[in-house]
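Peer 1: Attaching a predicted model along with its sequence, questions to come.
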Amino acid sequence: MTSHVNGRTFKTIVILAGLLAGLSACRESEEHRQIKLEKGGYAGQHDNQLNEDTLRQLRQRGSLQQN
């Protein structure tokens, strides 16, 4: 005895699975983010200022890579 799923039931299952996958793809952290952006403008968070010691270390590492 074999179980048989007709074409209509299979299509319904596929559509429901697709809907569930689409709904689960919406992350809570992305729900209220800005979508329409101005051309040439950065809308993200600003970077923190680096202290002098960190800048000195980065410059040293950068100079080592130039050789």
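Peer 2: Received, thanks. Residues are numbered from 1 along each chain as shown.
Peer 1: what mean pLDDT does stretch 57-67 have?
Peer 2: Average pLDDT, stretch 57-67: 88.
Peer 1: CA atoms only: put it into PDB for me.
Peer 2: The C-alpha coordinates for stretch 57-67 follow below in PDB (Å, rounded to 0.1, in the frame of the first residue of the first chain):
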ATOM      1  CA  GLN A  57      49.900  51.400  16.300                       C
ATOM      2  CA  LEU A  58      47.800  51.400  13.100                       C
ATOM      3  CA  ARG A  59      50.300  53.700  11.400                       C
ATOM      4  CA  GLN A  60      53.200  51.400  12.400                       C
ATOM      5  CA  ARG A  61      51.400  48.300  11.100                       C
ATOM      6  CA  GLY A  62      50.600  50.200   7.900                       C
ATOM      7  CA  SER A  63      54.200  51.200   7.400                       C
ATOM      8  CA  LEU A  64      55.300  47.500   7.800                       C
ATOM      9  CA  GLN A  65      53.000  46.500   5.000                       C
ATOM     10  CA  GLN A  66      54.500  49.000   2.500                       C
ATOM     11  CA  ASN A  67      57.900  47.200   2.400                       C
END
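Peer 1: any low-confidence regions in the chain?
Peer 2: The chain contains residues with pLDDT under 70 at 1-5, 25-32, 34, 67.
Peer 1: Could you list every helix and strand in contact with the lengthiest helix in it?
Peer 2: In the chain, with assignment by DSSP state H, the single longest helix is helix 7-24. If you count contacts as 3 or more Cβ pairs under 8 Å, 6 or more residues apart in numbering; DSSP states H and E, helix 7-24 packs onto no helix or strand. Bear in mind the C-beta positions are built from the backbone N, C-alpha and C, glycine included.
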